[in-house]
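J.: Okay, predicted coordinates and the sequence, questions at the end:
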Amino acid sequence: MVRPKVVTPQSHAQVKDLFSSLNYNWETAGEFAPSLLLTSLPPDLDSIPDIAEKKRIFFLSLLPAALLANQEIVRQRERLIDLFRRFDEGLELFAEEEEYINALAREYKITGDPLAATEIRALLLKRVDIIPPALVLAQAACESGYGTSRFSKMGNNIFGEWSFIPGTGMVPRQRPAGATYEVRRFNTLFESVRSYINNLNTHRAYTELRDIRSQLRSAGSALRGDKLAAGLRLYSSQRERYVNHIRKIILHNKLFRFSETQLLFFKLQV
């Protein structure tokens with residue numbers, strides 16, 4: 001399997017030159033994105049005077065990570081469906097295949113044996129599913145100030161995820177007295193994206209999002225980020241205002257155009 005190229009950016013100019021060498025820009029990104037993972041966002045992203053250009057670099061920098069994370073989930077989901085089909089047909093699964101199912105159940109915080117109960121199996125499949133790139137990018141933009149927040153710069157945390165283990169994250173400057181939560185640190189942007197998607201796929205606060213996604217799948221409809229955004233009311237204390245804000249970011253920046261973007265693997269010289 002070809003692995004994505006990993007690059008640590010030194011400046012937004014370097015990132016622009018790299019994207020240009022791959023013919024990867026705002027126009028072509030609706031068709032393809034390179035298998036390129038930036039370990040972090042360009043450190044001088046907030047120095048770009050043109051707001052539209054800053055947004056484009058931000059979105060283009062994160063799109064491959066969103067696509068790669070979803071690609072992993074698609075493979076998990078397809079293998080699960082195939083294993084469940086074989087099991088239902090009366091075929092005996094190998095021990096490693098049963099362990100694969102159990103490992104995914106643990107990863108997606110499912111209690112019980114999916115092979116022993118159809119409702120547990122259905123719950124697992126409801127969680128092992130993608131988050132549309134439009135929603136990933138819109139929330140990243142909102143939570144990180146388009147990559148300019150302190151937490152995105154210092155800890156690659158672009159979704160505002162918390163940690164409740166003291167000493168493992170960054171302490172917010174305006175944290176209420178008596179509060180113990182910290183903002184998580186991630187080694188790379190990709191880790192942040194994967195953690196965020198896993199959070200939406202497992203936390204009880206986002207059951208509504210998963211229900212909406214499941215209903216869209218059952219109806220044979222596209223998984224649209226603006227529709228799934230309705231399940232994010234508990235992501236912020238602003239509730240419905242937050243949902244509307246995420247939808248506005250998607251629509252204003254035309255992020256839905258990335259729903260058909262294909263991930264391409266190149267031999268990169270960087």
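T.: Yes, it's here. Numbers count the residues shown, from 1 in each chain.
J.: Could you pull out the strands in the stretch 1-150 of the chain for me?
T.: 5-7, 32-34, 36-38 (DSSP state E, counting those that start in this stretch).
J.: Of all those, which one comes closest to residue 230?
T.: strand 32-34 (26.6 Å; CB to CB). Quick note: C-beta positions are derived from backbone N, CA and C, even for glycine.
J.: follow-up on the earlier one: any chance of the strands of the stretch 1-150 of the chain in a markdown table with mean neighbour count as columns?
T.: A markdown table is the format used below for these (neighbours: other CB atoms under 10 Å):
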| stretch | mean neighbour count |
| --- | --- |
| strand 5-7 | 16 |
| strand 32-34 | 22 |
| strand 36-38 | 22 |
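J.: can you put the ones you listed in TSV and add mean pLDDT and distance to residue 73?
T.: Converted to TSV, the strands of the stretch 1-150 of the chain look like this (pLDDT from 0 to 100; distance: least, CB to CB, whole Å):
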stretch	mean pLDDT	distance to residue 73
strand 5-7	94	20
strand 32-34	96	17
strand 36-38	96	16
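J.: will you turn those strands into CSV that also has distance to residue 169?
T.: Below are the strands of the stretch 1-150 of the chain laid out as CSV (distance: least, CB to CB, whole Å):
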stretch, distance to residue 169
strand 5-7, 23
strand 32-34, 30
strand 36-38, 21
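J.: what residue ranges in the protein score low on pLDDT?
T.: Scanning the chain with the threshold set as pLDDT under 70 gives 1-2, 170, 266-270.
J.: Look through it and report the residue furthest from the middle.
T.: residue 90 (35.8 Å; CA atoms, centre = their mean).
J.: Okay, that residue and residue 60: tell me how far apart.
T.: 49 Å (CB to CB, to the nearest Å).
J.: just residue 264 next, same as before
T.: Distance from residue 264 to residue 60, by CB to CB: 14 Å.
J.: ditto for residue 156
T.: Taken as CB to CB, the span from residue 156 to residue 60 is 17 Å.
J.: again, but for residue 145
T.: Counting by CB to CB, the gap from residue 145 to residue 60 is 17 Å.
J.: Could you do residue 213 as well?
T.: From residue 213 to residue 60 the distance is 26 Å (CB to CB).
J.: Is it correct that residue 144 is in contact with residue 155?
T.: No - shown here, residue 144 and residue 155 do not form a contact pair, counting by CB atoms under 8 Å, at 10.7 Å.
J.: Same drill for those two, tell me which one is more crowded.
T.: Set residue 144 next to residue 155 and count neighbours by other CB atoms under 10 Å: residue 144 wins out with 24 against 20.
J.: ok, so what distance separates the more buried one from residue 84?
T.: 38 Å.
J.: Same check on residue 152?
T.: 39 Å.
J.: quick one: which of these two has more around it?
T.: The neighbour comparison of residue 152 against residue 84 (other CB under 10 Å) goes to residue 152, with 26 against 19.
J.: ok but that one is inside a strand, no?
T.: No - Residue 152: not assigned to a strand; according to DSSP: H, G, I helix; E, B strand; the rest coil it is helix.
J.: OK, contacts around it?
T.: Going by CB atoms under 8 Å, 6 or more residues apart in numbering, residue 152 touches 41, 144, 145, 158.
J.: do the same with residue 58
T.: Counting by CB under 8 Å, 6+ apart, residue 58 has contacts 41, 45, 140, 141, 146, 147.
J.: Filter the residues you listed down to just the buried residues.
T.: Neighbour-count burial (16 or more other CB atoms under 10 Å) applied to these gives 41, 45, 140, 141, 146, 147.
J.: For those, give me TSV that also has distance to residue 245.
T.: Compiled in TSV, the buried ones among the contacts of residue 58 are given as follows (distance: CB to CB, whole Å):
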residue	distance to residue 245
41	21
45	21
140	13
141	10
146	13
147	17
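J.: can you tell me how far residue 135 sits from residue 166?
T.: For residue 135, the distance to residue 166 - CB to CB - is 31 Å.
J.: ok, the two, which is more surrounded?
T.: residue 135 (29 against 10).
J.: list the contacts for that one?
T.: Contact partners of residue 135, counting by CB under 8 Å, 6+ apart, are 225, 228, 229, 246, 250.
J.: residue contacts, the second one?
T.: If I follow you right, that is residue 228. Residue 228 neighbours (CB under 8 Å, 6+ apart): 131, 132, 135, 209, 212, 213.
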